[in-house]
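Chemist: here you go, sequence then predicted model.
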Amino acid sequence: MRILIVDDSPTMQDIVSMTLQSASFQVFRAEHGVEALAVLDVASPDLIITDLNMYRMDGFEFVSRVRKRPEYEFTPILFLTTESSEDMRLIGRDLGATGWLLKPFVPEDLIRVVKSVLQ
Amino acid sequence: MSRSKTAPTGNRMSSLEPFKATYFQECEELLVSLEAHLRELGAAPSSREPLDAAFRAIHSIKGGAAMFQFARMVALADALETALDRARSGRVAISRSMAGRLLSATDILSDLAEAARSGSEAPDGHETAALAALAALDRRATRTTKPAQAKRRVGPTTSKRTNVPSCTEPEVARPVAAQPATYRIRFEPGPELLRRGLEPIAIVRNLKALGKLAVSADVSGLPAFAELDTAILYLRWTFHLTTSAPRATVAAVFDFAATSATVEIVELPVSAPTSASASVSAHSPPASPFDPPTQADRRTNDRENVADRRGKGSDRRVGSIRVELPRVERLVDLVGEITIAQAMVLQHLDQTLVTQNPQLFRALTGLLKLSRTLQDSVMAIRAQPIQTIFVRMHRVARDSAEQLGREIELHTSGETTQLDKTTVEQLADPLMHIVRNAIFHGIECPDVRLAAGKPAQGTIRLSARQRGSRIIVEVADDGAGIDREAVLSRAIAMGIVPAGAALDDAAIDNLIFSPGLSTAKTISDIAGRGVGMDVVHQNIRKLGGHIQIRSSCGIGTTTIISLPMTLAVLDAMKLTCGLETYLLPIAHILECMVVRRSAILNVPGSCKVIEVRGKQIQLISLAQRFGLPDPQQSERVAIVLAEIDDGSVIGLVVDEVCGHQQIIVKSLRDPALAAAGFAGGTILGDGNVALILDVNQLVRGAAMAAARTPRSMRVTFNAEFNAA
């Protein structure tokens, strides 16, 4: 299973990707929405995990653009963010996100959630 | 509940341990960026870009800190983030003083990060004042920008979100359901649910995690097999869930499905509001990706804010990877080895063979060019803008000025100048000393300055620029200048200089680098212990650099540091003197010339000079300087004109200039050699070892020698000082 991680923090990228790699997922990384869109076809992800606050292109913009592309209409997208405000979450939902995960997270929980989304 | 909310802390921390180093490095970069953007904001409070960039930086710092459970960092970062967020949403206007407070809080945050990195704990209450200052900003913001809202806020029951056009139902007060309740939930997903990447099975699983679940599926919507579209969901469900979780948590399970589904939740035993909507809480425990937030909702987010967040930032960052330093160092070493190997090949290559074979010549030239490019590229990996330490100096200046009751403005320029990473790191301490020194010894108290007709606020200018293969870093203050009388009498009292010695102004100024010399009347944390400048001098020398000071009374003092750009490979000119071979870094060389010995003039009682295009240039004879046996007095000598760090020119008298060579610099163990005027050693193509000349030290040695003898009987290049 291929997972695209979009986060502008190298630490977060590392943690998320190593966590998922340890669960035998294939991981692709991008630093922000622009890069993520650029690598989307190469990564051809089964799941996208994206941060919200990023430079150049934030998570909302990214998700809405992904959803406009027919081949990624069904691809599950999870937000992984420190943003806990409900308004934000609902915007995410309305843009077509599949779920909303909060940082900080426990690596084991992330694996569990990702598996449940991909099943 | 069938699962625990969080894994044991120990497990989480140990599984995250490997990422800490990455985080601290990222955090350091983010702090630098945060500080730079806040400063930019202080200068131009209404600009949007630094505000957004600062917000993103603090946001990332907080996110990482939370991941690693650095609670104190999280708390302070959160307060900073909140303040910046208010500014972003226009609820509070950034002012110079606000930027100042944010900067001070950033300083404290750096301390906390440093403590976390070293595994220690910052002093208790270290961040209390900063938190209070940020909280005060918060209160002021509420008072000044939202008076109406403040008035409306009558009691604790009023929603936090009164002025926020929310896209959901208002938050409902939810007593924690201690007693288990049973809910009947009708879930009728729209046909497009699957298209949105939502799996009903995940919802079932998440409900099951909340308590006892009974599921019945309605399959009446299924079409005939032939008409079945796998992307369309035809099923409906009814769940009976018995759980002690609050209703909102149950509703939250359907949160992301709600736009394409009808969800009806009815609480069975007790009469409950039967709203079909999935209202969610900000306090429910994490259960699934569809969960509501678990952290308390600390701030409100209005529409305007949302629009801002969705606006695009404008950082110009290029993609990067992180590599452990040892790997880069290995590359640097290898490049050094290649340089030596290459020199050896060239040394043993038959020159006629090369000249007679144009193809070999071309191939060889190509190879040399490539290897040079390789060197530059490898060294560029280690290059780092000096900005990282310049930014820190703002804090040093701020703290010191505050402590001493001076008013200081620090200007920086040339922040993008690149230096070797190691050099940048090692430069921080000396530079800090110099800046503190400038404030303590240089900048006068405001009343003194006013009396002297200067502005009350002192100015320190920090600049960096490249000159040849060296980087010049200057710290210039507009203070009182060095009190030469005090320095000289102190130096005489300490026996550093013999009584009655005649020293010129520059020589006196540079006495402040002597060990133990301090003219400070009081000893403080900041300066006056007399160890500072001496240690600075040594540290700079360790980096292959030079330091000197220029001062004019009442106008100010400038400290000039010159550093090699890279520590490894250097272009040098090979000079011979008798049987000895020396190397002089090409960056210093202005001109090489061969002159008749008779062209050298003896200035009575001083030194030898030569006139070049109408300008007299002081000469240093390497043979005399190093006490080499006088070679056969040939009629002609070679003179190399070299520029030293203060911009003046000196001529080195040698027998012959033998050409250009790339060398790798090996440091010298023996400090006496450095004092004698050598910057290091290297291995030549023929396998021999040669010493690299340090022109600045040569000149200084000559000046010292001159200074220590009374003016009337000055003898330059006195052999007795050669070893000094």
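Modeler: Cool, the structure landed.

Chemist: what's the helix or strand for residue 63?
Modeler: With no chain named, the answer covers chain A. When secondary structure is defined by DSSP states H and E, A:V63 falls within helix A:59-68.

Chemist: wrong chain, I was asking about chain B
Modeler: Secondary structure assignment for B:G63, by DSSP H and E: helix B:48-67.

Chemist: mind listing what the most centrally placed residue in chain A touches?
Modeler: When chain A is reduced to its mean C-alpha position, the closest residue under Cα atoms, centre = their mean turns out to be A:I49, at 1.3 Å. Contacts here follow Cβ atoms under 8 Å, 6 or more residues apart in numbering or on different chains; on that basis A:I49 touches A:I3, A:L4, A:I5, A:V6, A:V16, A:I77, A:L78, A:F79, A:L80, A:L101, A:V114. The C-beta positions use only the backbone N, C-alpha and C, and glycine is treated the same way.

Chemist: apply 7 Å and report the result again.
Modeler: A:I3, A:I5, A:V16, A:L78, A:L80 (Cβ atoms under 7 Å, 6 or more residues apart in numbering or on different chains).

Chemist: quick one: which of these sit in strands?
Modeler: Among the contacts of A:I49, the members found in strands (DSSP state E) are A:I3, A:I5, A:L78, A:L80.

Chemist: in the stretch 51-200 of chain B, where is pLDDT below threshold?
Modeler: Low-confidence regions of the stretch 51-200 of chain B, defined by pLDDT under 70, span residues B:138-178, B:196-197.

Chemist: now swap in chain A and tell me
Modeler: For chain A, counting by pLDDT under 70, not a single residue falls below.

Chemist: that one: helices as residue ranges?
Modeler: Counting by DSSP state H, one finds helices in chain A at the ranges A:10-22, A:33-43, A:59-68, A:86-95, A:107-118.

Chemist: and the pLDDT at the residue minimising distance to the centre of chain B?
Modeler: Centroid check for chain B by Cα atoms, centre = their mean gives B:T388 as the closest residue, at 2.6 Å. According to the predicted model, the pLDDT of B:T388 comes to 81.

Chemist: measure the residue nearest to it when sequence neighbours are not counted to chain A for me?
Modeler: Spatial nearest neighbour of B:T388, chain neighbours left out: B:V32 (5.4 Å); criterion: Cβ to Cβ, 6 or more residues apart in numbering or on different chains. Computed with Cβ to the nearest Cβ, to the nearest Å, the distance linking B:V32 and chain A is 15 Å.

Chemist: doesn't B:V32 lie inside a strand?
Modeler: No - counting by DSSP: H, G, I helix; E, B strand; the rest coil, B:V32 is not found in a strand; it is helix.

Chemist: could I get the helices of chain A as TSV with distance to B:D534 and mean neighbour count?
Modeler: As requested, the helices of chain A are exported to TSV (distance: least, Cβ to Cβ, whole Å; neighbours: other Cβ atoms under 10 Å in any protein chain shown):
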stretch	distance to B:D534	mean neighbour count
helix A:10-22	40	21
helix A:33-43	50	18
helix A:59-68	54	21
helix A:86-95	56	22
helix A:107-118	51	19
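
Chemist: reformat those helices as a markdown table; add distance to chain B.
Modeler: Written out in a markdown table, the entries for the helices of chain A read as follows (distance: least, Cβ to the nearest Cβ, whole Å):
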| stretch | distance to chain B |
| --- | --- |
| helix A:10-22 | 4 |
| helix A:33-43 | 7 |
| helix A:59-68 | 5 |
| helix A:86-95 | 5 |
| helix A:107-118 | 5 |
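
Chemist: could I get those helices as JSON lines with distance to B:R330?
Modeler: Shown next, in JSON lines, are the helices of chain A (distance: least, Cβ to Cβ, whole Å):
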{"stretch": "helix A:10-22", "distance to B:R330": "22"}
{"stretch": "helix A:33-43", "distance to B:R330": "29"}
{"stretch": "helix A:59-68", "distance to B:R330": "38"}
{"stretch": "helix A:86-95", "distance to B:R330": "45"}
{"stretch": "helix A:107-118", "distance to B:R330": "32"}
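
Chemist: for B:N510, which of those helices is the nearest?
Modeler: Between B:N510 and the helices of chain A, the shortest separation by Cβ to Cβ is 44.7 Å, and it involves helix A:10-22.
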